[in-house]
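Asks: Predicted model and sequence below, questions to follow.
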Amino acid sequence: MIDPAMPVLDAPDNPDGSGLALAARAVEVAPTEQQWRRPPHSEAASASRHHGLLVSRWLCDGPAPLEVTHPGDAQRHCIALALRSSSIRLLCGGKPIIDGRLPAGAVQVTAPSTPASAVFDSASDMLHLHAPQNAMAECHADLFGHAPSGDIVLDDPFPYVDPVLERLGQALVVAHLQDPGLGRMFAESVAIAIVSRVVASHFHRVATHRREPSRLPPWRLRRALEYIEANLAAPIGLADIAASTGLTRMHFAAQFRRATGMRPHEYLLRRRIEHAQDLLRHAGHGVLDVALRCGFRSQAHFTTVFKRFVGDTPHCWRVKVASTTGSSHA
């Protein structure tokens, strides 16, 4: 197995013997980045465990737009996993990668030594796994039964959506709720699972590339996403979204899925549910009102779709959010 050295999981010496600092340090599985894509304590990690897998979290809640840059890590891939939907413009190696809404669950991989820059036009919450070559190689060996012929370079920077990775990412960021020792082991296992699935997905796409449709061009994708955002409350369908880009339904659907990893209808539902969550945070909106404002024709249908994406009914989710918010301000 891989030994994904996460410096943030290593507890410092605790000379007073209290154990409190040890426990607090041990469960800090995804510390917040002070600078984009720069994990805290990475220099110390390089000195102690040069080939370590680093995990960090990028939280952006300040005034938009926020511009950030990173020169690229010569030793590690950066696997970015969106924990919430956000609006972002991302360039990798000077090439436009994202310009618009990035849904929760979207995964984007930047290869080593690739400079990146971004402009965040909304709040953002992203998990970053900084994976070194030995971690990638060991995942490859576990997956395919043999070592790679050379360095692994995941050179497809365009995002895709993977519900399994979304759940793994959410599990990783709540690992601090576990017992300190179990929390560390759990976090390491989840981090390995994320890297392994990203490697497997890359080689699967490479193997099937010749059979896949072309990717929707960025300018057409931007038109489609803007049309969806402007019509979240309207009864729009695939034909309407496709028409906004000047393509037929068949060509649009295949190219949209290639560009985003989701079918157009799935993306539309996700955005409606995310919009519904924003509205439910405000007590002035009833559940039926929220349903109608988000394009659902009945409260029952809204509740069914909401529970499928979120895991709770709208009412239960609102109660939990209100309780959490109240506790944080207590």
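Replies: Arrived safely, thanks for sending.

Asks: Checking Val107 next. Helix, strand or coil?
Replies: strand (DSSP: H, G, I helix; E, B strand; the rest coil).

Asks: count of residues packed around Gly145?
Replies: Close neighbours of Gly145, defined as other CB atoms under 10 Å, add up to 7. Quick note: C-beta positions are derived from backbone N, CA and C, even for glycine.

Asks: so how many other residues sit close to Arg297?
Replies: For Arg297, using other CB under 10 Å, the count is 10.

Asks: Tell me which residues touch it, please.
Replies: Pro235 (CB atoms under 8 Å, 6 or more residues apart in numbering).

Asks: Please tell me how far it sits from Val290.
Replies: For Arg297, the distance to Val290 equals 13 Å [CB to CB, to the nearest Å].

Asks: What of Leu53?
Replies: For Leu53 relative to Val290 (CB to CB), the value is 40 Å.

Asks: Ala254 now?
Replies: 33 Å.

Asks: Pick out whichever of these two has more residues nearby.
Replies: Set side by side, Ala254 and Val290 show more neighbours around Val290, with 23 against 17, by other CB under 10 Å.

Asks: just the CA coordinates of the helix or strand in which that one is found, formatted as PDB?
Replies: According to DSSP states H and E, Val290 maps onto helix 287-293. What follows is helix 287-293, C-alpha atoms only, in PDB (Å, rounded to 0.1, in the frame of the first residue of the first chain):
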ATOM      1  CA  VAL A 287     -40.700  24.900   0.400                       C
ATOM      2  CA  LEU A 288     -43.500  25.100  -2.300                       C
ATOM      3  CA  ASP A 289     -42.300  28.600  -3.200                       C
ATOM      4  CA  VAL A 290     -38.700  27.400  -3.500                       C
ATOM      5  CA  ALA A 291     -39.900  24.500  -5.700                       C
ATOM      6  CA  LEU A 292     -41.700  26.800  -8.100                       C
ATOM      7  CA  ARG A 293     -38.800  29.300  -8.200                       C
END
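
Asks: Could you tell me how far it lies from the centre of the chain?
Replies: With CA atoms, centre = their mean, to the nearest Å as the basis, helix 287-293 stands 27 Å off its chain's centre.

Asks: List the buried residues of it.
Replies: In terms of neighbour count (16 or more other CB atoms under 10 Å), helix 287-293 has its buried residues at Val287, Val290, Ala291.

Asks: I'd assumed Leu280 was in contact with the second one.
Replies: Yes - with contact defined as CB atoms under 8 Å, Val290 counts as touching Leu280 (5.8 Å).

Asks: so what's in contact with the two at the same time?
Replies: Shared contacts of Val290 and Leu280, counting by CB under 8 Å, 6+ apart, come down to Pro314.

Asks: Around Thr32, count how many other residues there are.
Replies: 11.

Asks: Which residues are in contact with it?
Replies: Pro40, Ser56, Arg57, Trp58, Leu59.

Asks: number of nearby residues for Gly70?
Replies: For the record, residue 70 is His, not Gly. Count around His70 with other CB under 10 Å applied: 17.

Asks: Just list whatever residues bridge to it.
Replies: Beta-bridge partners of His70, counted by DSSP bridges, are Ala116.

Asks: For Arg205, see how far away it is.
Replies: 24 Å.

Asks: quick one, phi psi at Glu33?
Replies: Phi and psi for Glu33, reported as degrees, to the nearest 10, are phi -80, psi 140.

Asks: shouldn't it be in contact with Cys60?
Replies: No - Glu33 is not in contact with Cys60 according to CB under 8 Å; the separation is 9.8 Å.

Asks: need the strands for the stretch 101-250 of the chain, in chain order.
Replies: For the stretch 101-250 of the chain, the strands defined by DSSP state E, counting those that start in this stretch cover 106-110, 116-120, 124-132, 160-161.

Asks: pLDDT value on the closest residue to Val287 other than its chain neighbours, please?
Replies: Nearest residue to Val287 in three dimensions, chain neighbours excluded: Pro314, at 4.9 Å (CB to CB, 6 or more residues apart in numbering). Predicted confidence (pLDDT) for Pro314: 93.

Asks: Check the gap between Pro314 and Ala239 for me.
Replies: Pro314 is 29 Å from Ala239, by CB to CB.

Asks: Please enumerate the helices of the stretch 201-330 of the chain.
Replies: Assigned by DSSP state H, counting those that start in this stretch, the helices in the stretch 201-330 of the chain fall at 218-230, 238-245, 249-260, 264-280, 287-293, 299-310, 314-328.

Asks: Just send those helices back as CSV, with distance to Ser122 too.
Replies: Output for the helices of the stretch 201-330 of the chain, formatted as CSV (distance: least, CB to CB, whole Å):
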stretch, distance to Ser122
helix 218-230, 12
helix 238-245, 22
helix 249-260, 18
helix 264-280, 11
helix 287-293, 19
helix 299-310, 19
helix 314-328, 19
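
Asks: Show the pLDDT at the closest residue to Val305 other than its chain neighbours.
Replies: Once flanking residues are discounted, Val305 sits nearest to Leu269: 5.9 Å by CB to CB, 6+ apart. Leu269 is assigned a predicted lDDT (pLDDT) of 93.
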